[in-house]
Structures are given as C-alpha cells and as structure tokens.
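Undergrad: for reference, the sequence and a predicted model appear below.
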Amino acid sequence: MTDFAAWIGRTREASDLVTPRLMAEFRATLGPHLAPVADGIAWPALHWCLAPETPAADALGPDGHVAKGGFLPPVPLPRRMWAGGQIETLSDLRAGDAVTRTETVRDVVFKDGRSGSLCFVTVEHAVATGRGVAIRERQDIVYREAAGAQTGTDAAPERDDPDDYAAIWAVPATPTLLFRYSAMTFNGHRFHYDQPYATQVEGYADLVVHGPMQATLLMNLAATLLGHVPRMFTYRGVSPMTANQTFRVCGRTRGSGFEGVTLDAAGKVCMRARADM
Ligand SMILES: C/C(=C\C(=O)SCCNC(=O)CCNC(=O)[C@H](O)C(C)(C)COP(=O)(O)OP(=O)(O)OC[C@H]1O[C@@H](n2cnc3c(N)ncnc32)[C@H](O)[C@@H]1OP(=O)(O)O)C(=O)O
C-alpha cells in the first residue's frame with residue numbers, strides 16, 4: 001500500500017516569461033470575454049498558461065497527463081478532473097515579466113461521493129515576479145473511479161435561471177476553443193480534444209470543457225462587473241460541461257463581491273464561483 005502522506009509537502013519550481021505572443025494568444029482565444037485591462041497588464045487567470053509542466057511524450061499516462069507517481073501521488077483512481085480552487089491576487093502580471101511558479105502538495109484525501117470513490121489532491125501554487133508574489137492559489141484535483149467501475153451515480157444536475165444574473169456571456173464551446181486553451185496551458189488531457197476517448201473511455205457525453213477555462217471566464221466577468229480584479233476568487237466544478245454547445249457565463253454583484261455560474265445549454269450548473277473584494 002503506497003503511503004500517499006509521503007507526497008505531502010513535495011514541492012517543485014518552474015519559470016517562464018509573460019511574452020507578447022502569450023498575451024496575443026490569450027486575447028485571440030478568449031476575447032471578447034475578457035475583463036478590460038490597461039495595455040501590457042495580463043488578464044485575470046492568464047497565469048494558468050505560465051510555467052506548465054512539460055513532460056516528455058514517454059512520460060505521459062493513458063489520459064495524456066504526465067503519469068502519476070512523480071510530483072503527484074499515484075492514487076489508484078484513473079479519471080482525473082480539476083475540481084475547483086481559490087485564487088488570491090496580490091498584484092498584477094505584466095507583459096515582459098519573468099515569473100516563477102512554486103507548487104506544493106498540501107493534502108491527499110479519499111472521500112465517498114454520490115458518484116463513487118473520489119480522491120482529492122490539493123496543490124498550493126505561488127506565482128512570483130521580480131516585484132514579489134503576485135498570486136497565491138489552491139488547486140483541487142480530483143480522481144474518480146473508471147467509468148465502467150463507477151459504484152455510484154452522477155448527482156442530478158443543479159439548475160439555475162440565467163435571468164437571475166445581471167450579465168451573461170454566451171460562449172460557443174467548439175472543439176477549436178478547447179484545443180486552443182489546451183495548447184496555451186500545455187494540457188495534454190485527452191478528454192479535451194479526443195472525442196472517442198472522452199466518450200468511450202472516460203464516459204462523458206462529449207469532449208469536456210476545461211475547469212480552468214470556465215473559471216478564467218468567470219473571473220474575468222467578476223473583474224468586469226466589480227471594476228477591479230477581485231482579491232479572492234473561489235470556484236467549484238459541480239458537473240462536467242461538455243463541448244459542442246453554447247454555454248453561458250453568468251454573474252451578478254452581491255454587496256462588494258460577485259457570484260457567478262457557468263450554465264450549459266440546458267441550464268445545468270457546471271461551475272459555481274464567488275469573489276470577494
Ligand atoms: C484541466 C483539467 C481537467 C478539467 O478541466 S476537468 C473539467 C472541470 N471539472 C469538472 O467538470 C468537475 C465537475 N464536478 C463533478 O463532476 C463532480 O462534482 C465530482 C467532482 C465528480 C464529485 O461528484 P460527487 O457527486 O461524487 O461528489 P459529492 O457531491 O457527493 O461530494 C462528495 C465529497 O466531495 C466533495 N466535493 C465534491 N465536489 C467537489 C469539488 N468540485 N471540489 C472540492 N470538493 C468537492 C464534497 O464536498 C463532499 O465532501 P464531504 O467532505 O462533504 O464528504 C486537468 O485535469 O488538468
């Protein structure tokens with residue numbers, strides 16, 4: 001039996017540059033659904049495109065992510081998802097910045113969910129520039145049972161009414177959008193671009209829309225409605241969003257904060273988010 005506790009506290013570091021090319025790719029991929037920012041300032045959540053892990057092809061597992069057992073623990077559940085997280089923004093990133101990302105594994109927890117066994121791996125990130133730490137972040141990665149071995153059932157979808165929100169961005173979830181976001185984040189997960197794999201191996205209805213992309217859009221809507229980048233942004237994926245439909249990114253202010261959801265074409269809530277100050 002592997003001692004997953006041995007992974008807690010493991011850390012790694014990688015560096016990158018906020019290049020003009022990345023800024024242009026980000027705007028080309030996600031515009032017009034981005035917050036207004038001053039020239040040369042990075043949009044909220046652009047940091048997910050910086051200093052990604054760059055595993056060699058022979059280091060990948062069957063899902064297209066780096067095989068488990070290196071930095072992340074070899075948990076015995078195969079289907080990885082990005083479950084949620086929290087982003088604390090301390091200062092902005094700017095074109096030309098040299099950044100260092102430091103990641104630390106903070107927790108490995110097994111839970112029984114309605115859908116079956118789950119394992120949550122919590123990873124903390126700090127993104128620093130020459131001016132100091134700009135972003136502190138918690139990422140919750142979840143591993144699920146194999147589709148064919150699932151011991152529970154997916155929860156009944158939560159629904160929400162877009163009319164209850166002040167602002168709605170309609171985003172066509174085309175395979176091209178998913179591919180371009182995968183490319184910008186160097187994310188090889190096959191269920192974002194390989195439809196037979198997504199449907200026949202992982203059991204989803206279609207290609208799966210990235211959690212971080214949904215969170216990026218929600219954080220940009222929050223910054224647009226609040227008039228500034230929120231200091232604290234928290235989000236949770238509640239149900240998979242699949243491709244080849246137009247989804248909605250919905251938001252409203254609440255006091256000095258923000259709350260938002262992504263809704264699929266049928267009104268199913270896929271992600272919930274809130275932002276404070
Ligand atoms: C990039 C990238 C991958 C992706 O982008 S994947 C696409 C984005 N992510 C999603 O679509 C995830 C959508 N969520 C789900 O499919 C389900 O919510 C999930 C995570 C499978 C869990 O469903 P269950 O119905 O089995 O879970 P329960 O509601 O019964 O909860 C059981 C306990 O787990 C806790 N929990 C549930 N969901 C989350 C979450 N999103 N974040 C954190 N914790 C969660 C819940 O609170 C329960 O805990 P208790 O302590 O109360 O027992 C890439 O791979 O890089």
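TA: Good, I have the coordinates.
Undergrad: can you name the residues of the stretch 1-150 of the chain that neighbour the ligand?
TA: Contact residues, the stretch 1-150 of the chain versus the ligand (Cβ under 6 Å from any ligand atom): 80-84, 111, 113-115, 118, 120, 140, 142, 144. Bear in mind the C-beta positions are built from the backbone N, C-alpha and C, glycine included.
Undergrad: and for Asp97, the neighbour number?
TA: Residues contacting Asp97 under the criterion other Cβ atoms under 10 Å number 20.
Undergrad: that one against Asp16, yeah?
TA: No - here Asp97 does not reach Asp16: they are 9.1 Å apart, not a contact under Cβ atoms under 8 Å.
Undergrad: okay, now the nearest residue to Val133 once chain neighbours are set aside: neighbour count?
TA: Spatial nearest neighbour of Val133, excluding adjacent residues (Cβ to Cβ, 6 or more residues apart in numbering): Ala126 at 5.3 Å. The number of residues packed near Ala126 is 17, by other Cβ under 10 Å.
Undergrad: what is the mean pLDDT for the strand or helix carrying Ala126?
TA: Assigned by DSSP states H and E, Ala126 belongs to strand 116-129. Averaged across strand 116-129, pLDDT comes to 98.
Undergrad: which residues does the helix or strand following that strand contact?
TA: Downstream of strand 116-129, the first helix or strand assigned by DSSP H and E is strand 132-144. Contact with strand 132-144 is made by 47, 72, 75, 77-93, 99, 106, 115-128, 150, 236, as judged by Cβ atoms under 8 Å, 6 or more residues apart in numbering.
Undergrad: go again using 7 Å as the cut-off
TA: 47, 75, 77, 79-93, 115-116, 118-128 (Cβ atoms under 7 Å, 6 or more residues apart in numbering).
Undergrad: what do you get for stretch 190-198?
TA: Here stretch 190-198 makes contact (Cβ under 7 Å, 6+ apart) with 63-64, 175, 178-179, 182, 202, 204, 206-208, 210.
Undergrad: now the buried members of those residues.
TA: Neighbour counting by 16 or more other Cβ atoms under 10 Å classes 63-64, 178, 182, 202, 204, 206-208, 210 among the contacts of stretch 190-198 as buried.
Undergrad: for this structure, which spans come out with low pLDDT?
TA: Low-confidence segments of the chain, defined by pLDDT under 70: 1.
Undergrad: and the residue of it found nearest the ligand, what does it touch?
TA: Nearest residue of the chain to the ligand: Gly113, at 2.4 Å (Cβ to the nearest ligand atom). Residues near Gly113 by Cβ under 7 Å, 6+ apart: Gly152.
Undergrad: now Ser91
TA: With contacts defined as Cβ under 7 Å, 6+ apart, the neighbours of Ser91 are 131, 134.
Undergrad: wait, a helix at it?
TA: No - using DSSP: H, G, I helix; E, B strand; the rest coil, the assignment for Ser91 is coil, not a helix.
Undergrad: grab the nearest non-local neighbour of Gln150.
TA: Nearest to Gln150 is Gly116, by Cβ to Cβ, 6+ apart, at 4.7 Å.
Undergrad: okay then, goodbye and thanks.
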